[in-house]
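Undergrad: based on what follows, work out the 3D shape:
(chains A and B)
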Amino acid sequence: ILNVEQSPQSLHVQEGDSTNFTCSFPSSNFYALHWYRWETAKSPEALFVMTLNGDEKKKGRISATLNTKEGYSYLYIKGSQPEDSATYLCAWSNFGNEKLTFGTGTRLTIIP
Amino acid sequence: GAGVSQSPRYKVAKRGQDVALRCDPISGHVSLFWYQQALGQGPEFLTYFQNEAQLDKSGLPSDRFFAERPEGSVSTLKIQRTQQEDSAVYLCASRTGYNSPLHFGNGTRLTVT
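TA: Residues are numbered from 1 along each chain as shown, chains lettered A, B, ... in the order given. Next up is the predicted model:
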């Protein structure tokens, strides 16, 4: 992996169902992995900043895991609600550079 | 509290015009970033500052793009002789330090006609 890739590009989920999506990133020289939620007409909002291999973070119904050795992170949403509809972005940085490289995002739509 | 403020929210420019986009970060945030987001893409890095120092400008697409942050707070992104391919949302973000999350503004949507 030479870039940050997210899959799937878009997802429709029934309200109440749980879902997850993936962020893949370069595993060499890893420093940090960020997750952001971007709702329409708003600015991106930070969910998690993760730095340690094996890290798991949780915020309400949303959680994330990190595997820096193989270069992936999963974001999980439990019991999806309409307000979870948004684009979810991940961003990666490496040592020695503050620059965050973003993926193209996963666009999640919750069907009531 | 006050978040990151960007102005204008929308800008329409005729091809060849110069534009200036402003970003007012959260007070005390050392690092400031500019990103460009084209339709259907993720934010693409343009440049970042640590206080007034521009430490990385590798993402600026051409020498028509110029950014400054002269006093280490407000930043301006200037685009000279705008082209249609410059049409995008320009996002500014700031943060306190290396392990901190980015705080984004609402962006400036630039349309070049």
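
Undergrad: which regions of chain B lie under the pLDDT threshold?
TA: Within chain B, the stretches with pLDDT under 70 are B:1.

Undergrad: give me the residue from it nearest chain A.
TA: Closest approach between chain B and chain A, counting by Cβ to the nearest Cβ: residue B:101, at 3.3 Å. Where C-beta positions appear, they are placed from N, C-alpha and C, glycine not excepted.

Undergrad: name the nearest residue to that residue, ignoring sequence neighbours.
TA: Using Cβ to Cβ, 6 or more residues apart in numbering or on different chains and skipping residues adjacent in sequence, the residue nearest residue B:101 is residue A:46, 3.3 Å away.

Undergrad: which strands or helices does the helix or strand hosting that neighbour pack on?
TA: Assigned by DSSP states H and E, residue A:46 belongs to strand A:45-50. Where contact means 3 or more Cβ pairs under 8 Å, 6 or more residues apart in numbering or on different chains; DSSP states H and E, strand A:45-50 is packed against strand A:30-38, strand A:56-59, strand A:62-67.

Undergrad: run the chain-centre distance for the longest one.
TA: Its chain's C-alpha centre and that of strand A:30-38 lie 7 Å apart, by Cα atoms, centre = their mean, to the nearest Å.

Undergrad: just checking: what are the partner strands of that strand?
TA: Here strand A:30-38 is paired, per DSSP bridges, with strand A:45-50 (antiparallel), strand A:86-94 (antiparallel).

Undergrad: save those as CSV, and put in mean pLDDT and mean neighbour count too.
TA: Listed next are the strands paired with strand A:30-38 as CSV, based on pLDDT from 0 to 100; neighbours: other Cβ atoms under 10 Å in any protein chain shown:
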stretch, mean pLDDT, mean neighbour count
strand A:45-50, 97, 19
strand A:86-94, 96, 23
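
Undergrad: for the residue nearest to residue B:65 when sequence neighbours are not counted, what are its contacts?
TA: Leaving aside its sequence neighbours, residue B:65 sits nearest to residue B:79 (Cβ to Cβ, 6+ apart; 5.6 Å). Residue B:79 sits next to B:18-19, B:21, B:64-66, B:86, B:110 when contact means Cβ atoms under 8 Å, 6 or more residues apart in numbering or on different chains.
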